[in-house]
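Undergrad: coords please:
(4 chains)
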Protein chains: 2
Amino acid sequence: MPAADLVKTWGARLQAEGYRLTAQRRAVLQVLVESAASLSPAEILQRARQHVPETGLVTVYRTLEVLTTCGAARKVHRPDGCHSYAPASEGHMHHIICERCRAVLEFEGCDLGTLFKTVQRRTGYKVQAHWLELFGLCPACRQKGMRDKQIHK
Amino acid sequence: MPAADLVKTWGARLQAEGYRLTAQRRAVLQVLVESAASLSPAEILQRARQHVPETGLVTVYRTLEVLTTCGAARKVHRPDGCHSYAPASEGHMHHIICERCRAVLEFEGCDLGTLFKTVQRRTGYKVQAHWLELFGLCPACRQKGMRDKQIHK
DNA sequence: GTACTTGCAAATAATTTGCAAATAT
DNA sequence: ATATTTGCAAATTATTTGCAAGTAC
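TA: Here you go, the predicted structure:
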């Protein structure tokens, strides 16, 4: 779905859930759906201000919480303990994040169920939730990496 | 290996790596190996002071970094973005954490390799690192949970 | 003795909260 | 009209850093 439509769709969803659709919220939403990468609240602020200059960082935080609640955004955990946010796609739960450009892609849970059962049997723990993130290089950065290597040689 | 021996073994390792073995470091190490749960720096401080009262929070942070570098401790990421630390066992990389009592167990990477290959094929990303944590109920808390349920009924 | 460590107080960084003014419905 | 939302400044929390005094080797 094109970004403009996503903004409308999610905007309608917010309203359906009883939230008001303000210019700032629309701006944050737009930044998010237009971005292929996961962004920190500060980065989102910077971009949102290009659409709605009188946006504050606090509002970004609050909006991201609303968007996460409604399912439009997903919180991504970074190794340093900070958080980034990525646009959500349907029903998928895990992320692979490019270590170079932070591009984020969601992928399906795959066969983690088998792993859970094994762990459950071996440890006695009842697995209730999980958290999986992959880090690597996106196709573009892989290419760039190779090109860089050639240049530097 | 019993906790006292682990303290000695890891202590020797620190020295072998050129670190000095101070009372505070010993205290932090002891707290860690004696604990089945993952602990926050603040919690570790509290317990370490029972052994060495003149321990400061900053030293705990610095010691945890040293211990993590040497492989004696592992950083565990909590959903809220804070960090906890758990004693490390050999060669294992993933954790299952009890949501009730924070008991932590490590388990082997299992067959994530297959998952990575699938993701790599489907997304074009080159998987370089990953991050997996499971959350659930440890055997003790499962029992307690059931008992509580009966009591409350 | 000397280089590594410590504790404190102060600095940073990320995030949250209180509140009066602004605004979507 | 009114309840929600906003921006600011201040508070909070987690973590880091500078530095003089203390200590393991």
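Undergrad: Just want the most central residue of chain A.
TA: residue A:86 (1.5 Å; C-alpha atoms, centre = their mean).
Undergrad: what's the helix or strand for that one?
TA: strand A:83-87 (DSSP states H and E).
Undergrad: how distant is that strand from the center of its chain?
TA: 3 Å (C-alpha atoms, centre = their mean, to the nearest Å).
Undergrad: on contacts alone, who are the packing partners of the helix or strand following it?
TA: Following strand A:83-87 in sequence order, the next helix or strand is strand A:94-98 (DSSP H and E). Applying 3 or more C-beta pairs under 8 Å, 6 or more residues apart in numbering or on different chains; DSSP states H and E, one finds that strand A:94-98 makes contact with strand A:73-77, strand A:104-107, strand A:126-137. Backbone N, C-alpha and C define where each C-beta goes, glycine included.
Undergrad: Alpha carbons only: can I get the longest one in CSV?
TA: The C-alpha atoms that make up strand A:126-137 are tabulated as CSV, following Å, rounded to 0.1, in the frame of the first residue of the first chain:
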residue,chain,number,x,y,z
LYS,A,126,6.7,-22.3,30.4
VAL,A,127,7.5,-20.0,27.4
GLN,A,128,5.0,-17.2,27.3
ALA,A,129,6.7,-14.5,25.2
HIS,A,130,9.7,-14.0,23.2
TRP,A,131,11.8,-11.5,21.6
LEU,A,132,13.8,-12.0,18.5
GLU,A,133,15.7,-9.5,16.4
LEU,A,134,18.2,-10.2,13.7
PHE,A,135,20.9,-7.8,12.7
GLY,A,136,22.7,-7.8,9.5
LEU,A,137,23.2,-6.1,6.1
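Undergrad: Tell me which helix or strand comes right after the host helix or strand of residue A:46.
TA: Element membership for residue A:46 (DSSP H and E) is helix A:41-51. Proceeding N to C from helix A:41-51, the next assigned helix or strand is helix A:57-70, under DSSP H and E.
Undergrad: looking at the helices and strands packed on strand A:94-98, which is closest to residue A:49?
TA: strand A:73-77 (18.2 Å; C-beta to C-beta).
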